[in-house]
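Peer 1: have a look at this prediction, sequence included:
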Amino acid sequence: MPIYKAPVEDAQFLLNDVFHVERYSNLPGFADATPDLVEAVLGEAGKFCEQVLLPLNRTGDQEGCKRAADGSVTTPTGFKDAFKQLVEGGWIGISAPPEFGGQGLPMLMTQLVNEFLSSANLSFAMYPGLTQGAIAALIAHGTDQIKAAYLPKMIAGEWTGTMNLTEPHCGTDLGLLRTKAAKQPDGSYKITGTKIFISAGEHDLAANIIHLVLARIEGAPEGTRGISLFVAPKFLLNGDGSPGARNALSCGSLEEKMGIHGNATCVMNYDGATGWLLGDENRGLHAMFTMMNEARLGVGVQGLAMSEVAYQNAVNYAKERLQGRALTGAKAKDKPADPIIVHPDVRRTLMTIKSFNEAARALVIWTAIASDLDRRGTHEKIRQAADDHMGLLTPVIKGVLTDQGFANTVLAQQMFGGHGYIAEHGMEQFVRDARITMMYEGANGIQALDLVGRKLPKDGGRALQAFFAEVQGFIKEKSADAAMKPYVEPLGKALGHLQQATMWFMANAMGKPDNAGAGSTDYMHMFGLCALGYMWARMAAAAQEKLKDKLKSGANGAEARMNAKLVTGRFFMERLLPETAAQLARITSGAASTMELAAEQF
Ligand SMILES: Cc1cc2nc3c(=O)[nH]c(=O)nc-3n(C[C@H](O)[C@H](O)[C@H](O)COP(=O)(O)OP(=O)(O)OC[C@H]3O[C@@H](n4cnc5c(N)ncnc54)[C@H](O)[C@@H]3O)c2cc1C
């Protein structure tokens with residue numbers, strides 16, 4: 001059975017020593033997030049994930065969700081009780097506004113807790129995760145009446161939420177969307193159409209399910225400019241706000257799929273279902289985009305989460321599995337063979353995943369702080385800078401953390417040899433479950449295009465310039481520090497590659513957009529490596545500070561942990577970051593050979 005231990009200490013190092021979150025105690029919710037409270041919250045969340053959710057991961061995979069003839073859906077054994085515990089713990093609303101019953105803690109706490117939930121059981125974590133996405137949309141676009149009707153119940157976890165975008169003929173290109181909405185005399189709408197692949201569309205975990213649905217109002221323009229967003233509950237609300245009559249919407253079938261079997265992926269039929277407009281008519285895509293950054297950040301966190309749990313199991317196995325002898329001579333002389341962790345190639349694999357995970361967690365926290373500053377910042381300038389950061393880094397986090405997160409589950413599976421292919425160890429499930437994160441919430445190729453096509457040129461490149469300035473400023477500040485040389489020198493080189501690639505796009509992609517399209521995925525990954533490299537440089541600086549401090553709190557193994565950080569950071573700089581040179585070469589080769597063959601030549 002797979003193991004999992006929530007990386008609480010690593011999160012605390014990031015919050016306290018790298019990002020010094022106490023600096024933000026003037027912001028709403030941050031003053032409450034004292035180091036003691038953070039430790040308690042993360043510790044409790046970790047325990048819940050390790051003890052309640054992890055044991056349900058494999059059984060959930062094997063059992064899956066079941067749909068009855070009446071369209072009702074049953075989740076796997078144990079999910080209902082676990083969801084009740086999640087609700088009782090108040091986990092869904094930890095960062096939600098207190099006026100609707102949330103705890104108002106910083107968003108970064110939600111991202112950390114969601115990492116733990118997703119590592120332990122991704123299928124389960126999607127139910128509260130989608131609810132948080134729907135809550136964010138209702139907060140941003142609901143009228144006071146809609147907010148009062150839905151938010152307290154959703155934040156408490158009594159009701160869950162969904163996002164209904166995809167239709168059989170359109171996923172990426174939502175301009176093709178056909179679901180219709182007909183305005184009624186009372187101001188409501190009748191929604192008719194079919195949505196597919198709707199996560200948590202129907203289940204038995206909550207008393208009501210609140211669907212957010214994209215549809216086209218009768219007479220609206222074609223394309224993306226004619227799409228509106230609606231809220232349509234499974235049960236219409238009685239006068240007292242309790243769930244009443246069944247709305248005209250139902251789960252037509254469940255998708256049979258590769259992984260996340262414990263999450264119900266539904267075909268949803270809307271047969272004149274009653275819904276209410278959220279935001280302005282024909283501005284539905286805009287409304288979705290306002291909450292897209294956090295939703296995509298959340299999926300990036302899922303990629304990290306899968307990489308982390310797969311890594312922990314690979315390490316565990318590598319310490320136990322005895323095969324061969326170390327190249328430098330036997331290490332476990334009392335045993336018939338050495339544990340495979342002695343082999344450099346096994347080490348290379350484990351270090352690759354470890355050095356990615358720790359930097360990815362830092363990148364998530366850095367960006368989650370930006371999402372908090374965006375919402376809670378005291379000055380317009382701070383909010384704008386935070387918004388720029390979110391916009392720029394979100395496609396990078398979604399694309400890179402899920403591409404590499406999946407790749408890392410495969411690397412971790414490889415550590416098990418043939419046993420990784422056998423269901424018992426759980427590694428093949430991690431691979432299957434992680435795969436979807438690269439596809440939903442915008443396939444990763446689309447994240448790369450969003451970065452290159454929209455985010456780089458936005459506001460005259462303001463966000464990109466701010467990123468370059470911050471990283472360059474850090475490199476300059478540390479340039480005289482010999483101990484930081486192994487970190488800032490490679491970072492400077494990689495940043496130079498990123499700047500060259502950016503310039504190359506400016507010179508070669510305006511007139512020939514295929515040059516940007518053909519280089520976009522490489523550029524996204526190059527950006528990701530630079531951002532992760534910057535995180536490593538900051539973590540190395542923090543670790544060195546802590547070591548210099550003579551580790552006043554050193555009795556608990558902090559010294560060994562900080563030394564391990566420095567080594568892991570060096571590995572990243574030496575072994576992963578140099579990939580930016582190859583990426584630059586690919587990008588600047590342009591689109592010619594990619595585009596030359598006619599479609600029939602494939
Ligand atoms: C398990 C699961 C759960 C899901 N949950 C939800 C949910 O809760 N709600 C919801 O609304 N949807 C959900 N989805 C749908 C998901 O978001 C879409 O599948 C995804 O956005 C991609 O759309 P598509 O499948 O139609 O692929 P397509 O849009 O057909 O894309 C196919 C391929 O072409 C590429 N491509 C498309 N257009 C371009 C372009 N212009 N340039 C370059 N490349 C391009 C894409 O990157 C992709 O690789 C879910 C899907 C799955 C499988």
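Peer 2: Structure received.
Peer 1: return the residues in contact with the closest residue to the ligand within the chain.
Peer 2: The nearest approach of the chain to the ligand comes at Gly171, 1.9 Å away (C-beta to the nearest ligand atom). Heads up, the C-betas are built off the backbone N, CA and C, glycines and all. Contact analysis of Gly171 by C-beta atoms under 8 Å, 6 or more residues apart in numbering lists Leu165, Phe197, Ala443.
Peer 1: let me have these in JSON lines, extended by pLDDT, distance to Thr34 and neighbour count.
Peer 2: Conversion of the contacts of Gly171 to JSON lines gives the following (pLDDT from 0 to 100; distance: C-beta to C-beta, whole Å; neighbours: other C-beta atoms under 10 Å):
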{"residue": "Leu165", "pLDDT": "96", "distance to Thr34": "39", "neighbour count": "24"}
{"residue": "Phe197", "pLDDT": "98", "distance to Thr34": "42", "neighbour count": "20"}
{"residue": "Ala443", "pLDDT": "98", "distance to Thr34": "41", "neighbour count": "14"}
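Peer 1: so which of those residues are also by the ligand?
Peer 2: Among those, the residues within reach of the ligand (C-beta under 6 Å from any ligand atom) are Leu165, Phe197, Ala443.
Peer 1: the first one contacts Ala215, correct?
Peer 2: No: between Leu165 and Ala215 there is no contact, the gap being 10.3 Å when judged by C-beta atoms under 8 Å.
Peer 1: what do the two both touch?
Peer 2: Joint contacts of Leu165 and Ala215 (C-beta under 8 Å, 6+ apart) are Leu177.
Peer 1: which intervals of this structure have sub-threshold pLDDT?
Peer 2: Scanning the chain for pLDDT under 70 picks out 550-556.
Peer 1: who in it is up against the ligand?
Peer 2: 163-166, 171-172, 197-199, 257, 265, 436, 439-443, 445-446, 449.
Peer 1: how about the strands of the stretch 201-350 of the chain, start to end?
Peer 2: Applying DSSP state E, counting those that start in this stretch to the stretch 201-350 of the chain gives strands spanning 208-217, 228-233, 235-237, 243-246, 249-254, 265-278.
Peer 1: tell me what the third one is packed against?
Peer 2: What that stands for is strand 235-237. If contacts are counted by 3 or more C-beta pairs under 8 Å, 6 or more residues apart in numbering; DSSP states H and E, strand 235-237 sits against strand 243-246.
Peer 1: which secondary structure elements does the strand it packs on contact?
Peer 2: Counting by 3+ C-beta pairs under 8 Å, 6+ apart, strand 243-246 packs on strand 235-237.
Peer 1: show residues contacting the strand it packs on.
Peer 2: With C-beta under 8 Å, 6+ apart, strand 235-237 has contacts from Ala149, Ala207, Asn208, Pro243, Gly244, Ala245, Arg246, Asn247, Thr274.
Peer 1: and the two most separated of those residues?
Peer 2: Ala207 and Thr274 (18.1 Å; C-beta to C-beta).
Peer 1: returning to that earlier point: just the ones of the ones next to the ligand among the contacts of Gly171 in strands?
Peer 2: Judged by DSSP state E, the subset of the ones next to the ligand among the contacts of Gly171 located in strands is Phe197.
Peer 1: of Ala207 and Thr274, which one has the most company?
Peer 2: Thr274 (19 against 12; other C-beta atoms under 10 Å).
Peer 1: got a list of what that one touches?
Peer 2: Gln184, Ser188, Tyr189, Lys190, Ile191, Ala232, Leu236, Asn247, Ala248.
Peer 1: ChimeraX command for the buried members of these?
Peer 2: The ChimeraX command for the buried members of these (criterion: 16 or more other C-beta atoms under 10 Å) is given here:
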select :188,189,190,191,232,236,247,248
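Peer 1: Gln145 and Ala6, how far apart?
Peer 2: Gln145 is 39 Å from Ala6, where distance means C-beta to C-beta, to the nearest Å.
Peer 1: so between these two, which is more surrounded?
Peer 2: Neighbour count, other C-beta under 10 Å: between Gln145 and Ala6, Ala6 has more, with 26 against 9.
Peer 1: show the contacting residues for the more buried one.
Peer 2: Leu42, Ala45, Gly46, Lys47, Cys49, Glu50, Phe116, Ser119, Ala120.
Peer 1: helices - which of these land there?
Peer 2: The members of the contacts of Ala6 that map onto helices under DSSP state H are Leu42, Ala45, Gly46, Lys47, Phe116, Ser119, Ala120.
Peer 1: who wins for neighbours among those?
Peer 2: Ser119 leads these on contacts (other C-beta under 10 Å) with 32 neighbours.
Peer 1: surely it and Ala305 touch.
Peer 2: Yes: because the distance of 4.1 Å satisfies C-beta under 8 Å, Ser119 is recorded as touching Ala305.
Peer 1: quick check: phi and psi on the residue of the chain closest to the ligand?
Peer 2: Here is the backbone geometry of Gly171 (degrees, to the nearest 10): phi -130, psi -70.
Peer 1: how about the contacts of strand 235-237 in TSV, adding distance to Glu477?
Peer 2: Below are the contacts of strand 235-237 laid out as TSV (distance: C-beta to C-beta, whole Å):
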residue	distance to Glu477
Ala149	51
Ala207	54
Asn208	53
Pro243	57
Gly244	61
Ala245	63
Arg246	62
Asn247	58
Thr274	58
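Peer 1: what about Ala585, which helix or strand?
Peer 2: Using DSSP states H and E, Ala585 sits in helix 579-588.
Peer 1: which other helices and strands does that helix contact?
Peer 2: Helix 579-588 packs on helix 485-508, helix 513-548, going by 3+ C-beta pairs under 8 Å, 6+ apart.
Peer 1: next helix or strand past that helix?
Peer 2: Taking DSSP H and E, what comes next after helix 579-588 is helix 592-595.
Peer 1: now that following helix: buried residues?
Peer 2: Buried, per 16+ other C-beta under 10 Å, within helix 592-595: nothing.
Peer 1: can you show me the CA trace of it as PDB?
Peer 2: C-alpha atoms of helix 592-595 as PDB (Å, rounded to 0.1, in the frame of the first residue of the first chain):
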ATOM      1  CA  ALA A 592       9.900  25.900 -41.100                       C
ATOM      2  CA  SER A 593      10.600  22.100 -40.600                       C
ATOM      3  CA  THR A 594       7.600  21.800 -38.300                       C
ATOM      4  CA  MET A 595       5.200  23.200 -40.800                       C
END
